[in-house]
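K.L.:
here is a sequence with its predicted model. Questions after.
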Number of protein chains: 2
Amino acid sequence: MTTYKAINLVKRPEPGPVSADIFEVVEKELPTVNDGQFLIKQTHMSLDPAMFGWMSPDTESYIPPVELNTVMRSSGVGEVVESKHPDFAKGDRVMGMMGWQEYALSDGQGINKVQADVPDEMVLSVFALPGLTATQGLFNVGEPKSGETLVVTGAAGSVGSIVGQLAKADGLRVIGVVGSDEKANWITSELGFDGAINYKTDDLSAKLNELTPDGIDLYFENTGGPIQHHVMQHMNAHGRIVVCGMIADYDKAEPAPGPSWIPIIKKRLKIQGFTMPDHFHEVPSLLEKLTPYVMSGNIKYRAHTLEGLESAIDGLNLFFSGDNKGKLLVKL
Amino acid sequence: MTTYKAINLVKRPEPGPVSADIFEVVEKELPTVNDGQFLIKQTHMSLDPAMFGWMSPDTESYIPPVELNTVMRSSGVGEVVESKHPDFAKGDRVMGMMGWQEYALSDGQGINKVQADVPDEMVLSVFALPGLTATQGLFNVGEPKSGETLVVTGAAGSVGSIVGQLAKADGLRVIGVVGSDEKANWITSELGFDGAINYKTDDLSAKLNELTPDGIDLYFENTGGPIQHHVMQHMNAHGRIVVCGMIADYDKAEPAPGPSWIPIIKKRLKIQGFTMPDHFHEVPSLLEKLTPYVMSGNIKYRAHTLEGLESAIDGLNLFFSGDNKGKLLVKL
């Protein structure tokens, strides 16, 4: 009999850094594969800021929280090692929600095959949640127009880096907000952003004045934090604000207040929040939109890959420190 | 030679109550009416919160500020007393931007005729800025659906009272936020609102729990103030927020911060600001939408009428104290 490791969520997180004792590493027996099922050996799993929502008991959130004493939710890539399912064969590479575990039993629900020539890291960094989120948020919510100015926060992050590159490919001026000079350098030298702001060291107002001389038409918010208030002052009439993430406040007991609504009137702004679970039925059309940008070489990515299942636990705290460089993955 | 009185704006207002010395009452000679012109004797002028924007030097605003040492901008109703214009005859009743003055010379630009059987006060209280603003904001921005719950602030005010009555007529549950028990009583007993909250005396959170048991789908913001933060906590998924006015902050040097953006993501909210100058070309279709509600008796109004041109100056401060009861007008 063979066993494998999995990680269960056993407590709800408190505000502040994630404490290891909310998880429990368990040893499980490999399940029997019945008709209509197949077994996946996971090779890479993805860590995403959305996980803080999934762990929280908040019933108002957009998908139900992970139940206590069950495997932590996550997406991943793997290989089918045994199958009694008509559509999946041994050796197929697949992606989908697999959870924090080395093996996952599936009936095919939410699992999709992956093209043979796309590396695991690219699957999870571009064609999974980050790329889909960037595509939905930028194009369907933000309605970008060539010649406009976009500011994106978390610009070196998994979603922000793709948002900026898609917008650049469509002829926008793109300024990214990041938390280190290394990231600032990466998005301007490697990704082709028109400018970068280091929110930890720059004078935000002066830097926005310098880098967005024609104002801001589109603001893509991945982080929250004081930059919000400065951006609001620089928004142009009829500007759009896409609210995708607020990582700066996910670990706080009391979230910081937002900007005054006066500019929303004066500039007739539209602010729209969105989350991907509302748009899972649109994944095929989102992939259709995204793929040509990737194929024509417009989308670069970098993965920050941790080693081993248990590295996921402490890995979550990299979202708060901002010390990850690129899409956070765990190699199994 | 006959003269008339006008009021010029001679200084920009400071934060806080409007000081009388920013205006100057002047005596002017009645102008000569040339070909293509006509002279209007104004009978009622309208005071609107938008005037604070018009007086401010803020060049980012949606229409240019009133130039110093020119007549203060305002809309009004009057009668044509002399005409050399082909489309307007002596005796016609007209409405439009006439300014703070007893007589106005016009070339017809922005001036419309008024039906004979609609009283002056109804013209300015319903068919002018308040009703057009309510119609545009509620229907075109807010997209209300029968059975939904609407919360509107400034609910006894000129715009809010119409928003609530239009929504009631379309089958929504309507809760109004007001600043006195008298106004609370008026909107529930006379206008048919389902409930009222006195923001000065009620426990806002408890009262929202009691009056919006199914949450809030649509929030129409006319005032700003702490109620914003509580409403955000009660918004339903896919809720819409229409930002029309922020009178609570117009007289403050430093506007109060707004709510955190976290609920915007969790609940996928849309927040949209609008101002009427963007929609002046849509006035005919807005009137077409609004008129049937008025004709079927669904829209009640009350006017708070001041007497004499100079009463306009101090009248502006009623917006901050909230002591006006109904649409603020000045009878000339």
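P.N.:
Perfect, I can see it now.
K.L.:
up against chain B, what does the stretch 201-332 of chain A have?
P.N.:
A:221, A:224, A:228, A:237, A:243-246, A:249, A:255-275, A:278 (C-beta under 8 Å from any C-beta of the partner chain). In short, each C-beta sits where N, CA and C put it, glycine included.
K.L.:
what sits against residue A:94?
P.N.:
Listed by C-beta atoms under 8 Å, 6 or more residues apart in numbering or on different chains, the contact partners of residue A:94 are A:40, A:77-80, A:88, A:111-114.
K.L.:
list buried residues within the residues of the stretch 201-332 of chain A next to chain B.
P.N.:
Buried subset of these (neighbour count, 16 or more other C-beta atoms under 10 Å in any protein chain shown): A:221, A:224, A:228, A:243-246, A:249, A:255-256, A:258-275.
K.L.:
which ones are touching residue A:17?
P.N.:
A:251, A:317, A:320.
K.L.:
from those residues, which land in strands?
P.N.:
Among the contacts of residue A:17, none falls in strands (DSSP state E).
K.L.:
any chance of JSON lines for these, columns neighbour count?
P.N.:
Formatted as JSON lines, the contacts of residue A:17 follow (neighbours: other C-beta atoms under 10 Å in any protein chain shown):
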{"residue": "A:251", "neighbour count": "17"}
{"residue": "A:317", "neighbour count": "16"}
{"residue": "A:320", "neighbour count": "16"}
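K.L.:
was I right about residue A:18 contacting residue A:312?
P.N.:
No. Using C-beta atoms under 8 Å, residue A:18 is not in contact with residue A:312; the gap is 10.2 Å.
K.L.:
still on that earlier bit, strands - which of the buried ones among the residues of the stretch 201-332 of chain A next to chain B land there?
P.N.:
A:221, A:243, A:270-273.
K.L.:
mind putting these into a markdown table with pLDDT?
P.N.:
Listed next are these as a markdown table, based on pLDDT from 0 to 100:
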| residue | pLDDT |
| --- | --- |
| A:221 | 98 |
| A:243 | 98 |
| A:270 | 98 |
| A:271 | 98 |
| A:272 | 98 |
| A:273 | 97 |
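K.L.:
just the residues you listed now: which is nearest residue A:66?
P.N.:
residue A:273 (21.8 Å; C-beta to C-beta).
K.L.:
can you tell me how far that closest one is from residue B:268?
P.N.:
In this view, residue A:273 and residue B:268 are 5 Å apart by C-beta to C-beta, to the nearest Å.
K.L.:
how about residue A:271?
P.N.:
11 Å.
K.L.:
which stretches of the stretch 1-150 of chain A form helices?
P.N.:
In the stretch 1-150 of chain A, the helices defined using DSSP state H, counting those that start in this stretch lie at A:50-55, A:120-122, A:129-135.
K.L.:
TSV for these, including distance to residue A:215?
P.N.:
Compiled in TSV, the helices of the stretch 1-150 of chain A are given as follows (distance: least, C-beta to C-beta, whole Å):
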stretch	distance to residue A:215
helix A:50-55	31
helix A:120-122	35
helix A:129-135	23
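K.L.:
need the ones you listed in a markdown table (columns: distance to chain B, mean pLDDT and mean neighbour count).
P.N.:
Putting these into a markdown table (distance: least, C-beta to the nearest C-beta, whole Å; pLDDT from 0 to 100; neighbours: other C-beta atoms under 10 Å in any protein chain shown) gives the following:
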| stretch | distance to chain B | mean pLDDT | mean neighbour count |
| --- | --- | --- | --- |
| helix A:50-55 | 7 | 89 | 20 |
| helix A:120-122 | 27 | 93 | 21 |
| helix A:129-135 | 12 | 95 | 24 |
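K.L.:
so which of these comes closest to residue B:150?
P.N.:
helix A:50-55 (28.0 Å).
K.L.:
and the spatially most central residue of chain A, what does it touch?
P.N.:
Relative to the mean C-alpha position of chain A, the nearest C-alpha, by C-alpha atoms, centre = their mean, is the one of residue A:130, at 4.3 Å. Going by C-beta under 8 Å, 6+ apart, residue A:130 touches A:48, A:124, A:158-159, A:162, A:301, A:327.
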